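Peer 1: Here's my sequence, what's the structure:
(one chain, ligands or ions: 1)
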Amino acid sequence: MSRVTVFTLGGTISARGGDASRMTGAEVLAGLGAPDVEVELRDVRRLPSSSLSFEDLVALAHEVREAVAGGSGVVVVQGTDTLEETAFLLDLLCVTSEPIVVTGAMRRPDLPGADGPANLAAALAVAADPGCRDLGVLVVLADEIHAARLARKTHTTSVATFGSPGAGPLGMVVEGEPRILLRPTGTSAIHPLRLDPAVRVALITLTVGDRGELLEAVDSRFDGLVVAAFGAGHVPTWLVEPLAELADRIPVVLASRTGAGATLSRTYRGPGSEYDLLHRGLVPAGPLDPAKARLLLHALLSSGAKGPAGYDRPGITAAFAHVNGTGLA
Ligand code: ASP
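Peer 2: Okay, the predicted model is just below:
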């Protein structure tokens, strides 16, 4: 029988009644009946996922690494609000062949049509299946299997909220069995990264008429910045100079706020275009969404991409090119 270590962190799947209390990990697992895999439970947190801290996630990654090193598959159960960030962070911090699956629920366990037990059963099936090795960290909900680097919560209430915009799921769980249709081109990190909670990376989403006050606030408070820019990587002309000045001192990653598709590099060339910004030292996020770009930059800065001589722009650019499958820049 396959072995799966289940880490429970709280979230809707454990939010019976909807008040601040959360069910224990054992109570969450009890909803499953008798699974046909050997389960080892670690009840690590009982929180809404919006209240998970970097310290919580670093401790989780440490325990997940230990579990996979012992040959166990892993299921992480948490709230869906930040599920995609936990999954991508684990993808950067725990590079392994063993399946690591993150799941949760959209409907409380006391409401009609609660989806927690079905999601948990599907996640266990994926984590226990040798055919799901070497896929990187996976997100499994509503019988869909998504790659962590692509998965996003796309709807506030739908049980089919998770998607991989611009791509699609890697597979499905059908009659309780995982069916893998596609395999990712590589790992999310060139080698396993670490995360130092003390590193500070800001994420600023631009909106029309932005006067740059938030960019000014970044100065000296942050070690890196992700700009969720318009369209394929565009900013107002008057923000080019402040961004270029920041990029002289700290890494500034250019992402898109649209929710799908890659930043461009040479289609538009005027002031404030992607071409202009990349030539002024910004690093392209490619198709990585802003929240995930922030985590990758944070992990890179925690893993030696920053030193007394400044930051390693070529190394950071190469790491973003790697996760996006575009080869070394
Ligand atoms: N959806 C929330 C979460 O991500 C629900 C909660 O407060 O448990 O955790």
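
Peer 1: so what's residue 305 scoring on pLDDT?
Peer 2: Per-residue pLDDT puts residue 305 at 81.

Peer 1: so what's the residue lying closest to it once chain neighbours are set aside up against?
Peer 2: Ranked by Cβ to Cβ, 6 or more residues apart in numbering and with sequence neighbours excluded, the top spatial neighbour of residue 305 is residue 312, at 4.5 Å. Heads up, the C-betas are built off the backbone N, CA and C, glycines and all. Shown in contact with residue 312 (Cβ atoms under 8 Å, 6 or more residues apart in numbering): 304, 305, 306.

Peer 1: and if you look at residue 263?
Peer 2: 229, 232, 233, 254, 255, 256, 274, 284, 285, 286, 287.

Peer 1: helices or strands next to whichever helix or strand the first one is part of in the packing?
Peer 2: So the one you mean is residue 229. Counting by DSSP states H and E, the element that carries residue 229 is strand 224-229. When contacts are defined as 3 or more Cβ pairs under 8 Å, 6 or more residues apart in numbering; DSSP states H and E, strand 224-229 packs onto strand 201-205, strand 252-256, helix 290-302.

Peer 1: gap between it and the chain center?
Peer 2: Relative to the chain's own centre, strand 224-229 is displaced by 16 Å; criterion: Cα atoms, centre = their mean, to the nearest Å.

Peer 1: quick one: low-confidence ranges for this structure?
Peer 2: Applying pLDDT under 70 to the chain flags the ranges 326-329.

Peer 1: hang on, the earlier thing: helix or strand next in line after the strand holding residue 229, which one?
Peer 2: With elements assigned by DSSP H and E, the helix or strand that comes after strand 224-229 is helix 240-249.

Peer 1: Can you list the helices and strands that that following helix packs against?
Peer 2: Counting contacts by 3+ Cβ pairs under 8 Å, 6+ apart, helix 240-249 is packed against helix 213-218, helix 274-279.

Peer 1: and the residue of the stretch 1-150 of the chain found nearest the ligand, what does it touch?
Peer 2: Ranking the residues of the stretch 1-150 of the chain by distance to the ligand (Cβ to the nearest ligand atom) places residue 79 first, at 1.9 Å. Counting by Cβ under 8 Å, 6+ apart, residue 79 touches 9, 10, 11, 12, 13, 47, 48, 49, 50, 104.
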